[in-house]
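A.B. asks: Next comes the sequence, and after it the predicted model I'd like to discuss.
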Amino acid sequence: MIIKVVIPYFGKFPPYFDLFLESCRGNSEISFLIFTDQNSHADLPDNVIIQTCGFGDIKNLAQNKLALDIKRLKAFSPYKLCDYKPAYGKIFEDYLTDADFWGFCDVDLVFGRIFNILSIEEFQKSERILTQGHLTFYKNSERMKLMFLKNIKKGINFWDAISFKEPAFFDEIFMPAICRANQVIQYGQNQFADILPQYSRLLVAPTCTISNHPDQQFYWQQGRLFQSYVDNMEEVNHEIMYIHLQKRPLPPHYKKMDLRSNERIYFTPQGIFPVSQYNTDAKAENKYHVRQYQKRRWKSLTLRKIWVKLKIKQLRK
């Protein structure tokens, strides 16, 4: 089974991108194709390919594959790529000819061992695996390659979603609704840590199947990822698929050699720390982050974003 994940990314990578790459290394069942204007990294994992290109190259590719009109071309931007994710099977089809499954993911996350959580047998029987925009896989069939073009009675369809510059959450909200309406064979629960950006602590979103616990910790160790907490005076280490760190540019305090060691690498509100530096200060809440996040959030609020939120609410009724 050949699985390829497509990642077009333009602009500066997150500061912990080397950890992202190392976490890709531990998932050798998947090939990661990164299209970027950033310089290639040395010592890439065998399953990661970085193709250097300009954003204009991806824009031209999308134009050629989807025949975008002037309105949608004007709205096309690196930030807007999130709404194009379900169309990657069509846009990047020339790179996916030998793939049984294709997918997309963000780079503001760190993987554990994906197939320690997902069953390869169930994966192979499915048409769509996982539902969130930060990591999703599709069967490389003509039906799933063009599923994004289907309409839904409520919500926002693809052509409307890409007609304005603000994010429409098409990949996370409206595409799952399209798949449900078309009886797509779906597999995979949200056994990952989608960290909410509006808090000073690391708390997971309610859409995750894992729950929050007092004094919970998240750590990566030799390619595996864990949520750790104390229950009945005993440490529980619950293996999870990945951690998503949206809108948290956590500074790395580890060295490259730490990533290849047997030691734990901890994620905290203050950054990413090797076990040797994991202390009370490292674990402290980050209230400065909350202030900055709220400031950016309100500054970027537009009428179009409010309209999108109303459409999401309407779909969920």
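C.D. replies: Alright, I've got the coordinates.

A.B. asks: can you give me the helices for the protein?
C.D. replies: Taking DSSP state H to define them, one finds helices in the chain at 17-25, 55-66, 70-75, 88-91, 114-117, 120-125, 142-145, 158-161, 175-181, 256-259, 280-283, 287-299, 303-316.

A.B. asks: Show me what the mean pLDDT comes to for stretch 202-215.
C.D. replies: For stretch 202-215, the mean per-residue pLDDT is 94.

A.B. asks: again, but for stretch 40-59
C.D. replies: Averaging pLDDT along stretch 40-59 gives 92.

A.B. asks: Show the end-to-end separation of that stretch, please.
C.D. replies: In stretch 40-59, first residue to last residue: 21 Å (CA to CA, to the nearest Å).

A.B. asks: dump the residue contacts of Asp215.
C.D. replies: Applying CB atoms under 8 Å, 6 or more residues apart in numbering, we find Asp215 in contact with Tyr229, Val230. Quick note: C-beta positions are derived from backbone N, CA and C, even for glycine.

A.B. asks: again but with Glu235, I slipped
C.D. replies: Ser228, Tyr229.

A.B. asks: again, only this time at 6 Å
C.D. replies: By CB atoms under 6 Å, 6 or more residues apart in numbering, the contact set of Glu235 is empty.

A.B. asks: per-residue pLDDT, it?
C.D. replies: 89.

A.B. asks: now Thr131
C.D. replies: Predicted confidence (pLDDT) for Thr131: 88.

A.B. asks: Okay, the residue nearest to it when sequence neighbours are not counted and Val110: tell me how far apart.
C.D. replies: Nearest residue to Thr131, sequence neighbours excluded (CB to CB, 6 or more residues apart in numbering): Pro176, at 4.9 Å. Pro176 sits 24 Å away from Val110, going by CB to CB, to the nearest Å.

A.B. asks: Of those two, give the one with the bigger neighbour count.
C.D. replies: Between Pro176 and Val110, Val110 has the larger neighbour count (other CB atoms under 10 Å), namely 24 against 21.

A.B. asks: residue contacts, the more buried one?
C.D. replies: Here Val110 is in contact with Leu19, Phe20, Ser23, Trp220, Ile243 (criterion: CB under 6 Å, 6+ apart).

A.B. asks: The second one: what's it in contact with?
C.D. replies: Contact partners of Phe20, counting by CB under 6 Å, 6+ apart, are Val107, Val110.

A.B. asks: Distance check, it against Asp108.
C.D. replies: 8 Å.

A.B. asks: go on, the third one?
C.D. replies: Ser23 is 12 Å from Asp108, where distance means CB to CB.

A.B. asks: Packed most tightly, which of the helices of the chain would that be?
C.D. replies: Ranked by mean neighbour count, those are led by helix 88-91 with a mean of 24 (mean count of other CB atoms under 10 Å).
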